[in-house]
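Novice: below: sequence and its predicted model.
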2 protein chains.
Amino acid sequence: MSDGLVIALSGGVGGAKLALGLSRVLPPAELLVVANTGDDFEHLGLSICPDIDTLTYVLAGLDNPATGWGRRDETWSFMETIATLGGEDWFRLGDRDLALHVERTRRLGAGQTLSQITTDMCRRLGVRPRVLPMSDDRVRTRVRGDAGWIDFQDYFVRQQCRPVVQALAFDGAAAARPQPEVVAALGGGDVRAVVICPSNPFISIDPILAVPGLRAAIETCSAPVVAISPIVGGRAVKGPTAKMMQELGLPVNSATVAGHYGDLLDGYVVDATDVQDIRTELHIAPTLMTTLEDRDALARTVLDFADRLK
Amino acid sequence: MSDGLVIALSGGVGGAKLALGLSRVLPPAELLVVANTGDDFEHLGLSICPDIDTLTYVLAGLDNPATGWGRRDETWSFMETIATLGGEDWFRLGDRDLALHVERTRRLGAGQTLSQITTDMCRRLGVRPRVLPMSDDRVRTRVRGDAGWIDFQDYFVRQQCRPVVQALAFDGAAAARPQPEVVAALGGGDVRAVVICPSNPFISIDPILAVPGLRAAIETCSAPVVAISPIVGGRAVKGPTAKMMQELGLPVNSATVAGHYGDLLDGYVVDATDVQDIRTELHIAPTLMTTLEDRDALARTVLDFADRLK
């Protein structure tokens, strides 16, 4: 007897921690992870999908715990060499990681969809829950900084989030079709919860919600929608979330994130160090995920909380 | 005071040995190596140029002496991983070698010519003589075997030369434009010698001669044309040359190769173990290149012989 499907929306590192916890406390058939593809980009002629890849490696147990991105047991011969050939080396691509990008690029060129490729790669690497992109169409996050609009990875990796963010845009989102299995799952009768992982709301979750039809499908989904705040004690655990909120003129706290999601949420999980006056059903629980046990515990907390909201 | 330019036509491993010898006994400005590109192919979405790459690595001192192809100090993480992802792994691409293919593919996509890319890569890797492709246009060697026409690398690497060769073709050669610097060099007044390296005549040298204008430019070149037999003691030093000659119904000896080049040759260097009745000026010298000193010695022998033919 199934408890129903949990649909988790996730970006990379932070979201993948909770996705791993969910994958450990749920049967594989009861978890569908919807990945942000706004971070995707073309680099050195290769199609790179950082959030899909982080999710895949984390769920396969192949991730590098030291960096949070890339693979463990990685080697760097390609990267060392491309620098000597005048190639761009600001985006670090390990030799094993590279195989995924090369093979994905080849298959995209041969006409496979990103969904098909992601599903096959996950299967080959032993990932049992489903991981799907938000869309098979191209969506690209752009950042307006001090010097105008730039590509997301230029901002995020090459310039290490130094530009002051004035605005964000998701090029292609308006014309993108939502991933059909995701839409079907959200409209299905057996959804247990929609979980918005503790990812950056502006650059990891907003691109997913910007795909026409996905926000509406979440709103009309019969299951409770629960978000986990990425803010702990007034700070982001990792990445530019807090810096970005400041630059956009927003208070850096959990209430800002809840307000950003607005009526989409049925419940919100925040850390005791960041309890704010929030206009939605609140659950206070440790949200900092350091150990594997933290991931499992937060996953269980989120599911129990969602079940109570039904 | 220059002795004039030596223009060497070369395939991969065998030819690169003599090219290295020539590069060691000549000032860099006095050597131009013209590389076969009939072996080039697209694999995993990458543009791979095996003969250019072998020449580049050998002349840069980066070659792997154990294999004759690829780089020394190579790692194989990419190759190990792509197999787990369902990618093709029959063509061995090392992690460092891969950087060259990725960067070349990117630059070709950006509109650079293969000549420009090759020149820049050679400069970056410290290769001082010029190395140029026979053409910037696409020429692809095809092999008719037992099961019909197949791509050269399918025959050469994937099927390890097992198919019985019935015929060879150079797709695209008829429409290919010869590399303009090569044509200009051959027509220049200061050519000391045209050297046909001890490469496979059918698959390494014939594609070069099949590019319209190149054979004529060599014939009308004022300098002596000297070939070195790839046959030593009735056997090919490496590769499928002897097997291919047998399958094409030709005696496996130096005379067959000389006869194949015909009137193009002014002189021919053969090993004492394979002296045949040959209708061209003959020079008998050790042609087996095992050590670095062998390469230098054969280079000097070829140049002295060519100088005497003037």
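Specialist: Perfect, I can see it now.
Novice: what residues does the stretch 151-300 of chain A put near chain B?
Specialist: Counting by CB under 8 Å from any CB of the partner chain, no residue of the stretch 151-300 of chain A lies close to chain B. In short, each C-beta sits where N, CA and C put it, glycine included.
Novice: tell me the SS of residue A:268?
Specialist: For residue A:268, the secondary structure call by DSSP: H, G, I helix; E, B strand; the rest coil comes out as strand.
Novice: residues contacting residue A:281?
Specialist: A:266, A:267, A:268, A:309 (CB atoms under 8 Å, 6 or more residues apart in numbering or on different chains).
Novice: list the helices and strands the helix or strand harbouring residue A:245 packs on?
Specialist: Counting by DSSP states H and E, the element that carries residue A:245 is helix A:241-247. Of the remaining helices and strands, those touching helix A:241-247 by 3 or more CB pairs under 8 Å, 6 or more residues apart in numbering or on different chains; DSSP states H and E are strand A:235-236.
Novice: so for the strand it packs on, mean pLDDT?
Specialist: Over the span of strand A:235-236, the pLDDT mean works out to 85.
Novice: can you list contacts of it?
Specialist: The set of residues that contact strand A:235-236 without belonging to it, under CB under 8 Å, 6+ apart, is A:200, A:230, A:242, A:243, A:252.
Novice: would you list these in JSON lines and tack on neighbour count and pLDDT?
Specialist: Below are these laid out as JSON lines (neighbours: other CB atoms under 10 Å in any protein chain shown; pLDDT from 0 to 100):
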{"residue": "A:200", "neighbour count": "24", "pLDDT": "96"}
{"residue": "A:230", "neighbour count": "26", "pLDDT": "95"}
{"residue": "A:242", "neighbour count": "19", "pLDDT": "92"}
{"residue": "A:243", "neighbour count": "15", "pLDDT": "93"}
{"residue": "A:252", "neighbour count": "17", "pLDDT": "94"}
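Novice: isn't residue A:164 right up against residue A:146?
Specialist: Yes. In terms of CB atoms under 8 Å, residue A:164 counts as a neighbour of residue A:146; the distance is 5.6 Å.
Novice: for chain B, what's its nearest residue on the stretch 151-300 of chain A.
Specialist: Distances from the stretch 151-300 of chain A to chain B, computed as CB to the nearest CB, single out residue A:153 as the nearest residue at 15.8 Å.
Novice: phi first, then psi, for residue A:128.
Specialist: In this entry, residue A:128 is assigned phi and psi values of phi -90, psi -40 (degrees, to the nearest 10).
Novice: what does the stretch 1-150 of chain A put close to chain B?
Specialist: For the stretch 1-150 of chain A, the contact set with chain B under CB under 8 Å from any CB comprises A:44-46, A:74-75, A:77-82, A:84-87, A:94-96, A:98-100, A:102-103, A:105-106, A:109, A:120-121, A:124-125.
Novice: what is the neighbour count of the residue lying closest to residue A:200 once chain neighbours are set aside?
Specialist: In space, not counting the residues next to it along the chain, residue A:200 is nearest to residue A:241; the distance is 4.5 Å by CB to CB, 6 or more residues apart in numbering or on different chains. Each residue near residue A:241 was counted by other CB atoms under 10 Å in any protein chain shown, and the total is 23.
Novice: which residues touch residue A:241?
Specialist: Residue A:241 makes contact with A:200, A:201, A:202, A:230, A:231 under the criterion CB under 8 Å, 6+ apart.
Novice: before we move on, the earlier item: what about the residue of the stretch 151-300 of chain A closest to chain B, how many residues nearby?
Specialist: Other residues within reach of residue A:153, judged by other CB under 10 Å, total 21.
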